[in-house]
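Undergrad: For reference, the sequence and a predicted model appear below.
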Amino acid sequence: MTQVSRPQPGLRMSYPDAGPYTCDEWAALLRTLHSGDSANAGVRTGVGNMLEVTTDGIKITIDTGAALVHGHLLINDSAVTITPTAPSVNSTYTVVAVQNNTNSAYNTNLDTPAPYASGIPAYSTRLAILRGTALVQASNYWMIPLATFSITPSGAISDVVDVREFVPRITTENIENGAVTVEKLNIVRERQFMVPIAAVRNISSPGMIEREHTGYELPNNDVVEVYADFLVPNDYISNLSVAAIVVHIEGVGEEPGSVVTKTMVSCSSQKAGDNRVFESNFIETELVGGRLVEVIAPFNLPGEPVLPRIYNDDIATICWVRRGDFLTDTCDVPFFIKAFLVTYTANS
């Protein structure tokens with residue numbers, strides 16, 4: 001079994017792992033460090049614009065960046081523009097970084113930028129366009145793809161597809177458990193779910209209100225309380241709000257007036273070990289058109305004090321109140337509440 005460690009001080013004539021090192025030995029070292037000994041390495045992350053490929057429809061431009069090609073590092077510090085040779089029929093070409101490991105220029109099926117009109121110089125790595133998609137990956141020449149594109153016999157370019165792979169390679173095996181957090185991934189997922197009405201009680205004319213086909217009617221001039229319960233989802237992280245889904249069936253296209261409402265939400269949780277009540281101010285909402293969703297955010301109302309934290313798996317009870325007895329409640333058409341809509345930011 002052969003073992004080797006590099007680089008090491010001294011000279012090889014005295015020390016087995018010392019230098020000087022050959023080009024092939026350095027290339028093998030770079031491949032192992034940056035791509036797990038994968039010969040077909042890729043674009044180096046974080047350097048320049050990472051060799052991004054764009055087109056104006058006639059020419060191909062490869063931006064700044066660096067790439068590791070079969071263990072050989074290419075650095076490109078200014079954008080490169082190449083005009084590809086037009087094919088005889090509609091074709092797909094590939095933008096590549098090419099390592100030439102021979103002592104003569106290489107230009108087979110390649111279009112190269114002006115300084116390298118004769119092809120990829122001997123013992124070098126350069127950017128080029130391969131007229132086709134069959135990558136050459138052998139001991140003498142090695143290509144890694146950056147993008148593919150379509151080209152017509154007139155030279156018109158379209159459908160640029162980014163096919164870059166990047167180094168260093170990150171796999172699940174070399175990521176520590178718990179190292180990748182939602183904040184690191186910058187994941188923001190807004191989710192919603194419907195909460196059915198549990199009960200509606202008329203305080204002004206004591207009694208329970210039964211549901212009709214349209215929903216639960218909220219009589220004008222009366223104080224009405226609407227109740228519902230829900231479980232705060234276990235993927236909740238922030239921005240939980242409650243909306244009352246309301247519809248009125250008369251006065252479509254008219255302005256039926258304003259409705260005065262207040263929202264209270266109580267939460268109980270084994271995690272918090274307490275009961276917390278969040279209460280909004282009375283707000284006026286104008287009913288417009290045939291239906292609306294009245295957004296009520298009792299946990300995020302402007303001007304409200306900072307509220308205690310809401311916990312995953314809290315059991316929440318909504319009490320939504322219409323104050324039809326307020327002078328500012330001017331709605332004069334029948335309207336109904338159908339359900340509540342809960343919106344929140346999730347972590348998955």
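TA: Received the coordinates, thanks.

Undergrad: Please make it C-alpha for all contacts and neighbour counts, starting now.
TA: Fine.

Undergrad: what's the residue lying closest to residue 205 once chain neighbours are set aside in contact with, if anything?
TA: Among residues not flanking residue 205 along the chain, residue 222 sits closest, at 7.6 Å (CA to CA, 6 or more residues apart in numbering). By CA atoms under 8 Å, 6 or more residues apart in numbering, the contact set of residue 222 is 202, 203, 204, 205, 322, 323, 324, 325.

Undergrad: so after the lowest-mean-pLDDT helix or strand in the chain, what's the next helix or strand?
TA: Sorting the helices and strands of the chain by mean pLDDT, DSSP states H and E puts strand 291-296 at the bottom, at a mean of 42. Where DSSP states H and E defines the elements, the next helix or strand beyond strand 291-296 is strand 315-323.

Undergrad: I'd like to check the angle between whatever helix or strand comes next after that following strand and strand 315-323, please.
TA: Where DSSP H and E defines the elements, the next helix or strand beyond strand 315-323 is strand 335-346. If you take axes from the mean of the first three to the mean of the last three CA atoms, to 10 degrees, strand 335-346 sits at 140 degrees to strand 315-323.

Undergrad: Show me what strand 335-346 is in contact with.
TA: Contact with strand 335-346 is made by 188-197, 214-219, 228, 235-249, as judged by CA under 8 Å, 6+ apart.

Undergrad: Among these, filter down to the buried ones and hand me the PyMOL syntax, if you would.
TA: In PyMOL, a selection of the buried entries from the contacts of strand 335-346 looks like this (16 or more other CA atoms under 10 Å):
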select buried, resi 194+195+197+215+216+217+218+219+228+236+237+238+240+241+242+243+244+245+246+247+248
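
Undergrad: any low-confidence regions in the stretch 201-348 of the chain?
TA: 249-257, 269-309 (pLDDT under 70).

Undergrad: Mind doing that once more with 50?
TA: 251-253, 288-308 (pLDDT under 50).

Undergrad: Could you check the pLDDT of residue 36?
TA: pLDDT recorded at residue 36 is 59.

Undergrad: cool, and the one 3 residues further on?
TA: As summarised for this prediction, residue 39 has a pLDDT of 51.

Undergrad: I'd like the contacts of residue 222 laid out as a markdown table, including neighbour count and distance to residue 169.
TA: Shown next, in a markdown table, are the contacts of residue 222 (neighbours: other CA atoms under 10 Å; distance: CA to CA, whole Å):
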| residue | neighbour count | distance to residue 169 |
| --- | --- | --- |
| 202 | 18 | 64 |
| 203 | 14 | 65 |
| 204 | 14 | 68 |
| 205 | 10 | 70 |
| 322 | 24 | 59 |
| 323 | 25 | 61 |
| 324 | 23 | 64 |
| 325 | 15 | 67 |
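
Undergrad: just the residues you listed now: which is nearest residue 23?
TA: Nearest to residue 23 among those is residue 322, at 80.2 Å by CA to CA.

Undergrad: ok, the contacts of residue 222 vs residue 125, which is closest?
TA: residue 322 (73.5 Å).

Undergrad: Can you give me the separation between the closest residue to the closest one other than its chain neighbours and residue 244?
TA: If the residues on either side of it in the chain are set aside, residue 322 comes closest to residue 261, at 4.5 Å by CA to CA, 6+ apart. According to CA to CA, to the nearest Å, residue 261 stands 10 Å off from residue 244.
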